[in-house]
Structures are given as structure tokens and as C-alpha cells.
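K.L.:
Structural data only, the sequence is not supplied:
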Ligand SMILES: [Zn+2]
């Protein structure tokens, strides 16, 4: 049996997690695909596509010693390995505001209703603890056109009481 | 005329430095015609460099005129091209006929001053910006064995701060 799995690992950040995990996978006969690895609030998070010639149980067993030693939470889902149908973003949206209440919920709801499929969302808090601001960057596919997103944001901006800066930029991709 | 085979990564010829053209003769004209036919045959092709077909010579063809609403110089044959000045920068998403099924973000100069010889060997000067400038920078990289995947920036990097 040969197939793709999506692997999620989370644990306290320390030097060498990526090296240890990927070495174990390599030695166990895995090939790696797309990955997102990120330190977040003292934890290290790994989401990784793994091509493994075996069962989910075998993959779990392969990672068990390292997960144990590094105290990583592991989650494994069988997946399809769809990199040939991978989607490319055609729009980027940057948001920032000093008023944090419900920003993500509001902005993403408006964008979803106007046809945005989010491919990548990153957010963070900046500023001093007593005066923080919230920043969010989104990349996605405007399935109903960028115009629709622009209009939805404009309408919302005129009626919203919060001061939220939203900038929408088309992304063009060219094969040279 | 003939459509030439486009080399793809990891062909080692894509990593080599191309030689300057010294003779502007009939052989060169034939090769340029073939290179242009190869470019025209590629879907959406706006530029091609000789090393992409395995010829390690400093020849590039650019034609971004199919792209609406941009400044451009039409069809350009660029021989022994040199960028003499760079100004500003922008992040854009690029792919390459020699690196199939992958795109990524690359920083390029917004405006360039370019000089290159034409098919007859006469040196010409161009001021370029935006999309055309990006295309030229991408193709000129091929003459030095550089692919866009050598210049990738993080996928989490912000786009187009102007
Ligand atoms: Zn290329």
C-alpha cells in the first residue's frame, strides 16, 4: 500500500524537533510533501504531508518513540495527495486594527459571503500589552472575482463602527 | 523553422552561464527564428532564453504585448543584454516553463534600464517597468544559470507594499 497522510505534530518548542521528526520519517521510508511548520506561543507546530508505503497504524508506530521522547501530540489523517490540483492565490488581503473584538470573524464572514476561498491566513498581535493592535494577512482565491470582494468590503466599511484598515491586492502569477 | 525542446529542472544546462554572441550571421538568425517559434508555441509564453533550449548563448526573446493595460516595447530580441540600473522593488508570483507546476514569490526591481544588441548587432537602450521589467529580469537570470526558485522569498511575505 502506498498513500499520503496528513501529519499534525505539536509540542513544546526546542532545538532539533524538525530534524528528529523528518529523520525518523526518512528512515522509515517516507517522502515529504507540502509542510507548514511554525513556532506559536512557545509550542512548535508541524503540519506535514507524508507519502508512506504502509498503514496509518504503521506510521503511528514509526513516530511513537520520537513523540514520546519530545512529548509531541500527534494526529494522522489519511489524505489524497492533491498537489497536482493545488490552488494558487489570486488575491491578498491585509487587515489591521487596534480594536480586536471579532475582527477575524467579521472580515472572514464578509469575504466568504463574497466568494473568497482562504488558502493561507496569518495573524498576530503587535504593540505594547496595554495598547495592542491586531494584524492579519490572508491569501486566497476570489471565486466570484476580486470586484465582488472589493464591493463587499466597501459596503461593510461604510456601515461598520469599528476602525479597521483593510487592503486588498490582486496577485498575478505569470509563467515566464 | 522548428519548435525546440524546452529543458526542465534539474537539467544541468539550466545552471550554466551562457556565452556572449560575437557573430551576427545567418546561423544566428535561424536560431532566433526557431527560439521565437518555440516561445509562440508555449501557452501564454511571454519570454524565453536560449539556455532553456540547451543553447548556452546570451539570447533572450521577450514579448509581453498580449498582456492588457501595461507599458511595453512589443517583440524584443535581446542579445548580450545588460541591466545598467535598477529602481524600486516589487514582489510578484512567478513560474517558469523550465520549472513546471510550481510558482512562488520573487522580488524584482520595479524599473530597469536595459541595453542589448538587436538581431543585426546594433546596441539598443530601453527603459522598462512593471511586468515587462519583471519578465526581462527573469529571462536574463537564465543567461547566468539562475532560476526563479533560486530567488524565492517566504510564502508568508507580504505582497506589493508600494
Ligand atoms: Zn524561466
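P.N.:
Thanks, I have it. The structure displayed is predicted, hence computed values, not measured ones.

K.L.:
For stretch B:82-101, what does the pLDDT average out to?
P.N.:
In this model, stretch B:82-101 has an average pLDDT of 94.

K.L.:
So for that stretch, what gets flagged as buried?
P.N.:
B:83, B:90, B:91, B:92, B:93, B:94, B:95, B:96, B:97, B:98, B:99 (16 or more other C-beta atoms under 10 Å in any protein chain shown). Where C-beta positions appear, they are placed from N, C-alpha and C, glycine not excepted.

K.L.:
Now the third one: phi and psi?
P.N.:
Main-chain dihedrals, residue B:91, degrees, to the nearest 10: phi -100, psi 130.

K.L.:
Just the residues contacting stretch A:115-130, thanks.
P.N.:
Contacts made with stretch A:115-130 from outside it, assessed by C-beta atoms under 8 Å, 6 or more residues apart in numbering or on different chains, are listed as A:87, A:89, A:91, A:93, A:98, A:100, A:104, A:108, A:111-112, A:132-145, A:148-149, B:155-156.

K.L.:
what distance separates it from the middle of the whole chain?
P.N.:
If you compare the mean C-alpha spot of stretch A:115-130 with that of the full chain, they lie 11 Å apart, counting by C-alpha atoms, centre = their mean, to the nearest Å.

K.L.:
ok, and which of the buried residues of stretch B:82-101 reach chain A?
P.N.:
Checking these against chain A by C-beta under 8 Å from any C-beta of the partner chain, the ones in range are B:92, B:93, B:94, B:95, B:96, B:97.

K.L.:
Surely the third one is in contact with residue A:176?
P.N.:
Yes. Distance between residue B:94 and residue A:176: 6.0 Å, which falls inside the contact criterion (C-beta atoms under 8 Å).

K.L.:
what touches both of those two?
P.N.:
The contact sets of residue B:94 and residue A:176 overlap at B:134, B:138, B:148 (C-beta under 8 Å, 6+ apart).

K.L.:
Among those, which lie within helices?
P.N.:
Taking DSSP state H, the ones among those that sit in helices are B:134, B:138.

K.L.:
of all the shared contacts of residue B:94 and residue A:176, which comes closest to residue B:60?
P.N.:
Out of those, the one with the shortest distance to residue B:60 is residue B:138. That distance is 9.5 Å, counting by C-beta to C-beta.

K.L.:
residue contacts, the closest one?
P.N.:
Going by C-beta under 8 Å, 6+ apart, the list of residues near residue B:138 reads A:176, B:47, B:94, B:96, B:106, B:108, B:148.

K.L.:
what about the fifth one, which helix or strand?
P.N.:
Put plainly, it is residue B:106. Taking DSSP states H and E as the criterion, the element that holds residue B:106 is strand B:99-108.

K.L.:
outside of that strand, which residues touch it?
P.N.:
Here strand B:99-108 makes contact (C-beta under 8 Å, 6+ apart) with A:83-84, A:88, A:173, A:175, B:8-9, B:89-95, B:133-134, B:137-138, B:147-149, B:151-155, B:157, B:159.

K.L.:
now swap in stretch B:56-73 and tell me
P.N.:
So stretch B:56-73 is contacted by B:13, B:16-21, B:31-32, B:35-36, B:39, B:44, B:46-51, B:74-81, B:116, B:126, B:128-132, B:135-136, B:139-140, B:142-143 (C-beta under 8 Å, 6+ apart).

K.L.:
Can I have the buried ones of the residues you listed as a PyMOL selection?
P.N.:
Entered in PyMOL, the line below selects the buried ones among those, by 16+ other C-beta under 10 Å:
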select buried, chain B and resi 18+21+31+32+35+36+39+46+47+48+49+50+51+76+77+78+79+80+81+116+126+128+129+130+131+132+135+136+139+140+142+143
